[in-house]
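Colleague: sequence below, structure please.
(2 chains)
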There are 2 protein chains.
Amino acid sequence: MIQQTSEQLFKQIHNYIENLSYMHEPKGLYEPIEYVLSLGGKRLRPVLMLLAYNLYKEDVEQIFPQAAGIETYHNFTLLHDDLMDKAEMRRGKPVVHKKWNENTAILSGDAMLILAYQLTMQDCPTAYMRSVMETFSKTTLEVCEGQQWDMEFETREDVTIEEYIEMIRLKTSVLLAGALKIGAILGGAPAEDAQCLYDFGIKMGLAFQLQDDYLDVYGDPAVFGKKIGGDILCNKKTYMLITALNSAEGNDKEILKYWLEATDFNPDEKIAAVTHIYNKVGIATACKTEIQRYYAEGLALLDKVSVEDSLKENLRSFVCRLVDRKL
Amino acid sequence: MIQQTSEQLFKQIHNYIENLSYMHEPKGLYEPIEYVLSLGGKRLRPVLMLLAYNLYKEDVEQIFPQAAGIETYHNFTLLHDDLMDKAEMRRGKPVVHKKWNENTAILSGDAMLILAYQLTMQDCPTAYMRSVMETFSKTTLEVCEGQQWDMEFETREDVTIEEYIEMIRLKTSVLLAGALKIGAILGGAPAEDAQCLYDFGIKMGLAFQLQDDYLDVYGDPAVFGKKIGGDILCNKKTYMLITALNSAEGNDKEILKYWLEATDFNPDEKIAAVTHIYNKVGIATACKTEIQRYYAEGLALLDKVSVEDSLKENLRSFVCRLVDRKL
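Modeller: Prediction:
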């Protein structure tokens, strides 16, 4: 079995996506789609799909349309989420609803979702068509459910850790898991393998998102790429905040509540004060422990996949690098 | 061949759609979907799909999921179009972005589009899956293109009749045509029949939309259901207005342009003045002639469909009643 590294797969699928042509009329519909897809990114989901396929088959180019389909879907969610979140920038460029307008963001997004389906169907072998399309639809619907929970949590004060984990499972994990499963299905994997890879993706997605929450507080600004403390400033109910609210006692709990309710404050002061409580109740360790637990559970699931262990090395090292960055 | 009338088919598919259960969590995502689907309507597209299927097969209940899928898609477009148009009411009830909020309208709409795909796939025979899904995706993408043209035409003064017809072909006709074609495919129709029924749907859709434009000016308010003159008030570039701008001369053209540019006016006065020009240049007759032409071309295409003529009667009389209402 000839395998390719994640870097090799990235280059190919990135190139394939860059060369997708949306030069149809009306330009007002298709130009924003090209714009969003050209902003780049890690192409994480298509690379995962190709790595899973490459456990079973060599001709990865056969599923470039499906890999591009899941990336198109992911970019569609960024487009509509940025609109719902009233974001200004994405990957250093103005978002579609700023560069064009809100109606363009709505309608070009809708068209992107249809294009994602078209790519996922394109040249899909008939034998796998139903299971691929059903996995794709189930996954994409769950991502919408995750976004809905995320928005509802903004105005709720009683979000539990279980609810938060379920939200990030839906919003983040299932798309990574779905990418792996579709790659496995198209590679002709046994159903048990496809399920193991899906479950592996769920665990790794949870580890990945918890790490993102962690880095938002404890990351190196130069490496993290986003401003540190953003989640603290907007009271985002992350693993960190929910755990701190559960663990803090007495005066610490009062201080935390004070900052959650404060409306007029110095941002740096709020970040410092909340981080101080996090430090006192040991949130960093608690969070790292959880990340390592999900990570280990994920790797154990990958071990169960029925292909020879050496073939899993590209996938394993790719995911390790993702979860390990700067922890 | 046992056939059912459009009324019988309407009752069944209406009931099927009413009983679709979206009682999943999160309620904030699924309740607006149930709400939109419960607002009723003519269920035109599913009835057309069932009528086309019923030309070839009796067991119409086999394709209720696909019929519900195209209705779900149609209602998704109403949800997002109402948001983009900043509409207030739909079928006498507040629109989703008013009853809930704009983010709910965006996200529940996205979920509806995915649900439309899920229904269209559900129990779809494998032999027809690819052609059904490809027809569905091509059609739904074209509807987005039609909506984009429609929005772009609002700020353009030079829209031609050809451009207008192409816009309504995309925005209105292709979904009727796609419904008929999918029904035919699932009924096992020969490819030529499926194409004839598609083309028949295109012509009928054009006749139907031109009639809607006509009724907006010349309809009986009690029957039309919308306020007469709405298109005139917002300078909508309909067949009526574009033709009037092309035909009016001298003083009439000046009067028309005056009203197009007027910003502060009595609505009834504008409607009366523009209608007066329409009357002078004979727009009513010109529009009715076009409607009858598309209608006749459509019926000629239906004649070419290879099933016995008597079997076409339900479909023919259903479409006749649609296009003939109040002309």
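
Colleague: with just CA atoms, put stretch A:224-231 into PDB.
Modeller: The C-alpha coordinates for stretch A:224-231 follow below in PDB (Å, rounded to 0.1, in the frame of the first residue of the first chain):
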ATOM      1  CA  PHE A 224      -2.400  31.100  18.900                       C
ATOM      2  CA  GLY A 225      -3.400  33.500  16.200                       C
ATOM      3  CA  LYS A 226      -6.300  35.000  18.100                       C
ATOM      4  CA  LYS A 227      -6.300  37.500  21.000                       C
ATOM      5  CA  ILE A 228      -5.900  35.800  24.300                       C
ATOM      6  CA  GLY A 229      -8.900  36.100  26.700                       C
ATOM      7  CA  GLY A 230     -11.600  36.500  24.100                       C
ATOM      8  CA  ASP A 231     -13.700  33.800  25.600                       C
END
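
Colleague: what distance separates it from the centre of its chain?
Modeller: Remark: stretch A:224-231 is offset 16 Å from the chain centroid, using C-alpha atoms, centre = their mean, to the nearest Å.

Colleague: swap in stretch A:138-147?
Modeller: Worked out by C-alpha atoms, centre = their mean, stretch A:138-147 lies 12 Å from the chain centre.

Colleague: any buried residues in that stretch, and which?
Modeller: A:Thr139, A:Thr140, A:Leu141, A:Glu142, A:Val143, A:Cys144, A:Glu145, A:Gly146, A:Gln147 (16 or more other C-beta atoms under 10 Å in any protein chain shown). Backbone N, C-alpha and C define where each C-beta goes, glycine included.

Colleague: now these as TSV including distance to A:Trp100, pLDDT and secondary structure?
Modeller: Output for these, formatted as TSV (distance: C-beta to C-beta, whole Å; pLDDT from 0 to 100; DSSP: H, G, I helix; E, B strand; the rest coil):
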residue	distance to A:Trp100	pLDDT	secondary structure
A:Thr139	28	98	helix
A:Thr140	24	98	helix
A:Leu141	27	98	helix
A:Glu142	29	98	helix
A:Val143	24	98	helix
A:Cys144	23	98	helix
A:Glu145	28	98	helix
A:Gly146	26	98	helix
A:Gln147	22	97	helix
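
Colleague: could you export those residues as TSV, including distance to chain B?
Modeller: Below are the buried residues of stretch A:138-147 laid out as TSV (distance: C-beta to the nearest C-beta, whole Å):
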residue	distance to chain B
A:Thr139	10
A:Thr140	5
A:Leu141	5
A:Glu142	10
A:Val143	9
A:Cys144	4
A:Glu145	6
A:Gly146	9
A:Gln147	6
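
Colleague: of these, which is the nearest to A:Met89?
Modeller: A:Gln147 (19.4 Å; C-beta to C-beta).

Colleague: touching, that closest one and A:Val174? I think so.
Modeller: No: A:Gln147 lies out of contact with A:Val174 (C-beta atoms under 8 Å); the separation is 11.7 Å.

Colleague: tell me which residue of the stretch 151-300 of chain A lies closest to chain B.
Modeller: Closest residue of the stretch 151-300 of chain A to chain B, C-beta to the nearest C-beta: A:Glu152 (5.7 Å).

Colleague: chain A against chain B: which residues are in contact?
Modeller: A:24-26, A:28-29, A:80, A:83-84, A:103, A:106-107, A:109-111, A:113-115, A:117-118, A:121, A:126, A:129-130, A:133-134, A:137, A:140-141, A:144-145, A:147-149, A:151-152 (C-beta under 8 Å from any C-beta of the partner chain).
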